[in-house]
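Participant: sharing a model that was predicted from the sequence below.
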Amino acid sequence: MSGAPAISIHDLTVRFGSFTAVDALSATIPTGSFTAVIGPNGCGKSTLLRALCQLRPADEGRITIRGRSVADHPRRELARTVSLLPQQTVSPPGLTVAELVARGRHPYHSLLRTSAAGDEEAIARAVDRAGVGHLLPRRVSELSGGQRQRVWLAMVLAQDTPIVLLDEPTTYLDLAAQYQLLDVCADLVDQGRTVVAVLHDLPQAVAYADHLLLMRQGRLVADGAPRSVITEASVTDVYGIQCRVDLDDPRGPVVAPRSRQERREPAAQP
């Protein structure tokens, strides 16, 4: 992580009618970080990501991307700076995997040009990273949920942006594929990209991310390094569960709910 922040969020508020999804949230995403956004369902994580790329503009507050207001970016320029893998994806009927991945290059094209220098190389890298080369001839609609998730990841990687937003990217993936995807994210960070991902698995978030945003009911509860954010007290407070947290376990970080028996045992008397 280095230099000016990749993203700065200032008093961001996003509403849907009378419901406030993101409430006066301020945070900084360091350049070159792997930032995981964590918190219970419905706390505003997905809305935050959509606001960062202008899919859901802010009602109040402002967002700057690499020092410039996100609202001042022309749409095509923003799409060359920030890419998003959404939580729910829909592709036109009959679209092949090769055609979908190639759509990641559209921000580099124009009305008069449907190709650009570097298209083939970017698509080849994306296909290789996502491991979907064997799926290229198939229709997206014929794929399993996990296969579709990897194909959409390939499209996002083909977009080749310095900032990558991923909304629950491990959804539908088996355990091995989850870690393969997180390895891809770590590789992007090693190459100097900034990755922001909504994750639900706390041990995975701690193992891969170097920066966390912990949310509850649209507000930021804590942010910073994993060991300062993930504590037994913070997990109990935000998720409402009693847990054990051990970030120094040689086998990897442990964030585990206490067993039913442990929760039933009376607290030790002083």
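Facilitator: Nice, thanks for sending it over.

Participant: where do the strands of this protein begin and end?
Facilitator: All strands of the chain, identified by DSSP state E, fall at 7-16, 19-29, 34-38, 60-65, 68-69, 82-85, 163-167, 194-198, 211-216, 219-224, 243-246, 254-257.

Participant: flag every buried residue along the second one.
Facilitator: By neighbour count with 16 or more other Cβ atoms under 10 Å, strand 19-29 contains the buried residues 20-23, 25, 27-29. Using the backbone N, CA and C atoms, a C-beta is placed for each residue, glycine as well.

Participant: which helices and strands does it pack with?
Facilitator: When contacts are defined as 3 or more Cβ pairs under 8 Å, 6 or more residues apart in numbering; DSSP states H and E, strand 19-29 packs onto strand 7-16, helix 45-52, strand 60-65, strand 211-216, strand 219-224.

Participant: got the angle for the fourth one vs strand 34-38?
Facilitator: What that stands for is strand 211-216. 10 degrees (axes from the mean of the first three to the mean of the last three Cα atoms, to 10 degrees).

Participant: in CSV, list the C-alpha atoms belonging to strand 211-216.
Facilitator: The C-alpha trace of strand 211-216 is given here as CSV (Å, rounded to 0.1, in the frame of the first residue of the first chain):
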residue,chain,number,x,y,z
HIS,A,211,-7.6,-3.9,5.5
LEU,A,212,-11.2,-4.4,6.7
LEU,A,213,-14.3,-2.3,6.8
LEU,A,214,-16.8,-3.7,9.4
MET,A,215,-20.4,-2.5,8.9
ARG,A,216,-23.6,-2.7,10.8
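
Participant: list of residues touching it?
Facilitator: Contact with strand 211-216 is made by 1, 25, 27, 29-30, 33-40, 43-45, 48, 205-206, 220-226, 229-230, 234, 237-238, as judged by Cβ atoms under 8 Å, 6 or more residues apart in numbering.

Participant: what stretches of the stretch 101-250 of the chain score poorly on pLDDT?
Facilitator: Counting by pLDDT under 70, the stretch 101-250 of the chain contains no low-confidence residues.

Participant: where do the helices of it begin and end?
Facilitator: 119-130, 145-159, 175-190, 202-208, 226-229, 232-239 (DSSP state H, counting those that start in this stretch).

Participant: before we move on, the earlier item: closest one to residue 260 among the helices and strands packed on strand 19-29?
Facilitator: strand 211-216 (24.7 Å; Cβ to Cβ).

Participant: now the angle between strand 7-16 and the closest one, please.
Facilitator: 20 degrees.

Participant: quick check: angle from strand 211-216 to helix 232-239?
Facilitator: Using the same axes, to 10 degrees: strand 211-216 against helix 232-239 is 50 degrees.

Participant: just tell me which of the helices and strands packed on strand 19-29 ends up closest to residue 122.
Facilitator: Proximity to residue 122 (Cβ to Cβ) singles out strand 60-65 among these, at 20.8 Å.

Participant: what packs against that closest one?
Facilitator: Using 3+ Cβ pairs under 8 Å, 6+ apart: strand 60-65 touches strand 7-16, strand 19-29, helix 45-52.

Participant: kindly provide the distance from the most centrally placed residue in the chain to residue 153.
Facilitator: Nearest to the geometric centre of the chain sits residue 197, at 1.8 Å (Cα atoms, centre = their mean). Applying Cβ to Cβ, to the nearest Å, the value for residue 197 to residue 153 is 11 Å.

Participant: overlap of the contact sets of these two?
Facilitator: Contacts common to residue 197 and residue 153, judged by Cβ under 8 Å, 6+ apart, are 166, 169.

Participant: who's residue 139 bridged to?
Facilitator: Residue 139 forms beta bridges with residue 96, as assigned by DSSP bridges.
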